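>>> sequence and predicted structure below; questions after.
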Amino acid sequence: MNTEINFLEKQPWKYRKTVFFVALFLLLLTIAVSILYIQKSRLVAELTEEKIKIAQVEEQLLEINKSTVNQQQLNNIKEEIEIIRTEEIPVVTSYYSSLEGLKNPNQLVSFEHTDENWLVMDAIFSTVEEVANYMEDVQEKKYILRTELTAMTKLDKNYQATITIIVDEDALREELGDAEGMD
């Protein structure tokens with residue numbers, strides 16, 4: 001039997017330090033990557049929450065803007081209506097006012113607002129005196145500047161008169177404008 005005896009000193013493994021440092025580096029690298037992955041996941045979750053909050057705030061702002069815009073549009077429309085009411089001539093009310101002097105509303109053939117301050121009407125009267133009386137009644141109103149008999153035509157038993165009425169716009173608006181708004 002042969003027994004081998006080794007008197008040589010056992011040599012330490014020469015790559016021991018290198019393997020230790022490589023293993024340590026890999027362990028630290030794995031820990032660092034894990035920490036970064038966890039932080040990334042947490043930040044993505046926070047970012048998603050913030051996006052949801054931003055979307056909710058944007059929706060609320062849109063609702064507020066819509067209500068504000070609707071209120072502003074309503075106010076603008078009211079202002080425009082008020083401007084129109086102050087600038088327009090109350091034609092409908094002046095039409096009804098012109099009917100007051102007639103015996104029968106059917107006498108009025110036509111009524112036209114031709115210019116800013118001109119009203120032209122055609123009516124049928126039984127006598128010339130009735131035409132004169134009607135024109136005199138119309139002329140007595142505060143907002144009438146002048147009445148003119150533009151044309152008069154003899155029909156079978158009646159007269160058709162075309163009367164041009166020139167009005168003071170401001171006085172007409174003042175006198176009849178409130179009644180126009182109620183119609």
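Sure thing, it's come through. Numbering: from 1, shown residues only.
>>> now do the strand or helix carrying Q39: distance to the chain's middle.
Assigned by DSSP states H and E, Q39 belongs to helix 16-87. For helix 16-87, the separation from the chain centroid amounts to 31 Å (computed by CA atoms, centre = their mean, to the nearest Å).
>>> same question for stretch 132-145.
Stretch 132-145 has its average C-alpha position 43 Å from the chain's average C-alpha position, going by CA atoms, centre = their mean.
>>> in it, what's buried?
Neighbour counts over stretch 132-145 (16 or more other CB atoms under 10 Å) mark 134-135, 138, 141, 143-144 as buried. (Glycine included, C-beta is placed from N, CA and C.)
>>> worst-scoring helix or strand of this structure, pLDDT-wise?
The element with the least model confidence among the helices and strands of the chain, by mean pLDDT, DSSP states H and E, is helix 169-182, at a mean of 62.
>>> would you agree T153 falls within a helix?
No - when classified by DSSP: H, G, I helix; E, B strand; the rest coil, T153 is found to be strand rather than part of a helix.
>>> from T3, how far off is the closest residue to it other than its chain neighbours?
When the adjacent residues along the chain are set aside, T153 lies closest to Q160, with 4.7 Å between them (CB to CB, 6 or more residues apart in numbering). Between Q160 and T3 the distance, using CB to CB, to the nearest Å, works out to 156 Å.
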